[in-house]
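Undergrad: prediction below, plus the sequence it came from.
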Amino acid sequence: MLNVKRIREDFPVLQRKVYGKPLVYLDNAATSQKPRQVIEALREYYESYNANVHRAVHALGMEATDRYEAARRKVSQFIGAPNPECIVFTRNTTEALNLVSYAWAQHHLGPGDEVLTTRMEHHSNLVPWQRACQERGATLKFIPHAEDGCLDLSGLDSLITERTKLVTVTHMSNVLGTINPVGLIARQAHARGAVVVVDGAQSVPHLPVNVQELDCDFLAFSAHKMLGPTGIGVLYIRPEITDQLEPFLRGGEMVREVWYDHATWNDMPYRFEAGTPNIADAIAFGAAIDYLSALGMEQVRQHEMALTSYALKRFRELEEVQVFGPGDVTVRGGVVSFHHPQVHPHDLGTFLDREGVAIRAGHHCAMPLVRSLGVVATARASFYLYNTEEEVDVLIAALQKATRYFARATERVTQAKRA
Ligand code: PLP
């Protein structure tokens, strides 16, 4: 079991108050808070060995290079990649997914081809494929999901055809919390010769993820959702597929030799890291991975399952509130999107903020999915390893208070109209 009380001491921001109330941070699906160890790694880099990587022969440059490459090794081990050369540092998940679309899809999709995805994707894993399909004359198709938020795989056999060139699926929905059986989908996709992309933005921070078990060709995720800094993300590329990719960004570092009229490409992963990379944040990301690895991802998952279970139970007390996504926490992560019939999610978010509770309100960059739920927006509470049952209680109490407050406000308006 995680020692959450002890863990919380590592997160300076969790000690602060908002509007005089202790902060209850439940917006972890958007971005997580950072432990002292990560903040310290950033400070140490800038204070002690700030230099560019891979180029300098001086001590600082070599130290920066060693630490930058050590971070790559940590990421590689964290997701069970066969070697660190499979790990390309990007800015975030969005850039990683765009990299696949430019470097692979642009060169392998043609008229009549199909790309298969789900109806629960974040815009980052939808809009790049819309563009790729439009430009290459391919068709974008969707795996449906049932009302409980779980993918309906009954028709998968006929959805994946010999025309399917790429299958791209979110491992965990940032709206419904659904954990999708990506390994199963990947095996069927590979059997038909399709390439498999997994959006791991919500899964890698919260569950044990192993690329060999997932059997994916690409896995994209962001450091900032897993205790690391903003501005650094990852694209895992299966070694066997590397030769099918064309460089995305071109310039320094990604080349081996350059002439006036042509150039040749560097080895993996540098071929996809053009220009000076985000050195400090990659190194601090390494510190975040050390932190998570020391706790153990299985422990993190167990903690969040228990917390989500508790939250779903408490939400059932709020009869008027509708909760989206699967009820079974074995196929659901710590994301709880909900809708209050009388209160707009933004009003709810603002009200809760005054109670010290940070949640998210909106379409969560998944407009088509939220629209399909029959609402304009949802409110969303999302948990991480430092959240507690007491914080869930604060959330529920604040929601009950909001219900009473807005009911009185509506009543006053009704009376004023009658008068
Ligand atoms: N995919 C999913 C499922 C997400 O939840 C997010 C961010 O919320 C993203 C992709 C995009 O991540 P980033 O904004 O770090 O690129």
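TA: Right, received. Where do you want to start?
Undergrad: close to the ligand: what parts of the stretch 101-250 of the chain are there?
TA: Residues of the stretch 101-250 of the chain lying close to the ligand by CB under 6 Å from any ligand atom are 122, 124-125, 170, 174, 199, 201-202, 222. No exception for glycine: its C-beta is placed from N, CA and C like everyone else's.
Undergrad: quick one, helices of the chain?
TA: Taking DSSP state H as the criterion, the chain carries its helices at 4-8, 36-48, 59-78, 93-100, 106-108, 127-136, 156-159, 182-191, 211-214, 279-295, 297-315, 345-354, 367-372, 389-418.
Undergrad: filter the residues of the stretch 101-250 of the chain next to the ligand down to the ones in strands?
TA: Judged by DSSP state E, the subset of those located in strands is 170, 199, 222.
Undergrad: quick revisit: which of the helices of the chain sits closest to residue 20?
TA: Closest approach to residue 20 among the helices of the chain (CB to CB): helix 345-354, 9.6 Å.
Undergrad: contact partners of the closest one?
TA: Helix 345-354 has contacts (CB atoms under 8 Å, 6 or more residues apart in numbering) with 18-19, 21, 339-340, 343, 358-362, 377-379, 395, 398-399, 401-402, 405-406.
Undergrad: mind listing what's buried along it?
TA: Under the neighbour-count criterion of 16 or more other CB atoms under 10 Å, helix 345-354 has 345, 347-349, 351-353 buried.
Undergrad: of all those, which comes closest to residue 388?
TA: Among the buried residues of helix 345-354, residue 352 lies closest to residue 388 (CB to CB), at 16.7 Å.
Undergrad: mind checking pLDDT for the closest one?
TA: For residue 352, the pLDDT comes out at 98.
Undergrad: same check on the one 3 residues further on?
TA: Listed pLDDT for residue 355 reads 97.
Undergrad: same check, this time on the one 4 residues further on
TA: Listed pLDDT for residue 359 reads 98.
Undergrad: can you count the residues close to it?
TA: 24 (other CB atoms under 10 Å).
Undergrad: that one is in contact with residue 26, isn't it?
TA: Yes - in terms of CB atoms under 8 Å, residue 359 counts as a neighbour of residue 26; the distance is 5.2 Å.
Undergrad: list the residues that contact both of the two?
TA: Common contact partners of residue 359 and residue 26 (CB under 8 Å, 6+ apart): 381, 395.
Undergrad: rewinding a little: pick the most buried one from the helices of the chain.
TA: Highest mean neighbour count of the helices of the chain: helix 93-100, a mean of 24 (counted as mean count of other CB atoms under 10 Å).
Undergrad: tell me the mean pLDDT over that one?
TA: Per-residue scores along helix 93-100 average to 98.
Undergrad: now that helix against helix 127-136, angle please.
TA: Comparing the axes of helix 93-100 and helix 127-136 via axes from the mean of the first three to the mean of the last three CA atoms, to 10 degrees yields an angle of 20 degrees.
Undergrad: what separates helix 93-100 from the chain centre, distance-wise?
TA: Distance, stretch centre to chain centre, for helix 93-100: 12 Å (CA atoms, centre = their mean, to the nearest Å).
Undergrad: so which bits of stretch 148-168 are buried?
TA: Buried residues in stretch 148-168, counting neighbours by 16+ other CB under 10 Å, are found at 149-151, 153, 156, 159-160, 163-168.
Undergrad: go through those and flag which are in strands.
TA: Members of the buried residues of stretch 148-168 lying in strands (criterion: DSSP E): 164-168.
Undergrad: can you list these in TSV and add pLDDT?
TA: Below are these laid out as TSV (pLDDT from 0 to 100):
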residue	pLDDT
164	98
165	98
166	98
167	98
168	98
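Undergrad: so which of those residues is the closest to residue 254?
TA: Nearest to residue 254 out of these is residue 166 (CB to CB; 23.4 Å).
Undergrad: need the contact list for the closest one.
TA: Residue 166 neighbours (CB under 8 Å, 6+ apart): 104-105, 108-109, 115-116, 129, 194-197.
Undergrad: for those residues, which entry has the maximal number of neighbours?
TA: Neighbour counts for these (other CB under 10 Å) peak at residue 197, which has 31 neighbours.
Undergrad: my guess is that residue meets residue 168, correct?
TA: Yes - contact criterion CB under 8 Å: residue 197 and residue 168 qualify, at 3.9 Å.
Undergrad: find residues that contact each of these two.
TA: Residues touching both residue 197 and residue 168 (CB under 8 Å, 6+ apart) are 97, 125.
Undergrad: got a list of what the residue nearest to residue 284 when sequence neighbours are not counted touches?
TA: What sits nearest to residue 284 in space, not counting adjacent residues and going by CB to CB, 6 or more residues apart in numbering, is residue 41, at 4.2 Å. Listed by CB under 8 Å, 6+ apart, the contact set of residue 41 reads 283-284, 286-287.
Undergrad: can you pull up the most central residue in the protein?
TA: Central residue of the chain (CA atoms, centre = their mean): residue 201, 1.8 Å from the mean position.
Undergrad: quick check, pLDDT for the closest residue to residue 406 other than its chain neighbours.
TA: Among residues not flanking residue 406 along the chain, residue 343 sits closest, at 4.7 Å (CB to CB, 6+ apart). Residue 343 is assigned 93 on the pLDDT scale.
Undergrad: residue 328 versus residue 343, what's the distance?
TA: For residue 343, the distance to residue 328 (CB to CB, to the nearest Å) stands at 28 Å.
Undergrad: of the two, who's got more company?
TA: In this view residue 343 and residue 328 are compared by other CB under 10 Å, and residue 343 has more residues nearby, 22 against 13.
Undergrad: any residues of the stretch 251-400 of the chain in contact with the ligand? List them.
TA: So the stretch 251-400 of the chain meets the ligand at residue 365 (CB under 6 Å from any ligand atom).
Undergrad: mind telling me which residue of the stretch 251-400 of the chain is nearest the ligand?
TA: Residue nearest to the ligand within the stretch 251-400 of the chain: residue 365 (6.0 Å; CB to the nearest ligand atom).
Undergrad: shouldn't that residue be in contact with residue 124?
TA: Yes - Residue 365 lies in contact with residue 124 (CB under 8 Å); the separation is 7.0 Å.
Undergrad: out of these two, which sits in the busier spot?
TA: The residue with more neighbours, out of residue 365 and residue 124, is residue 124; 22 against 18, by other CB under 10 Å.
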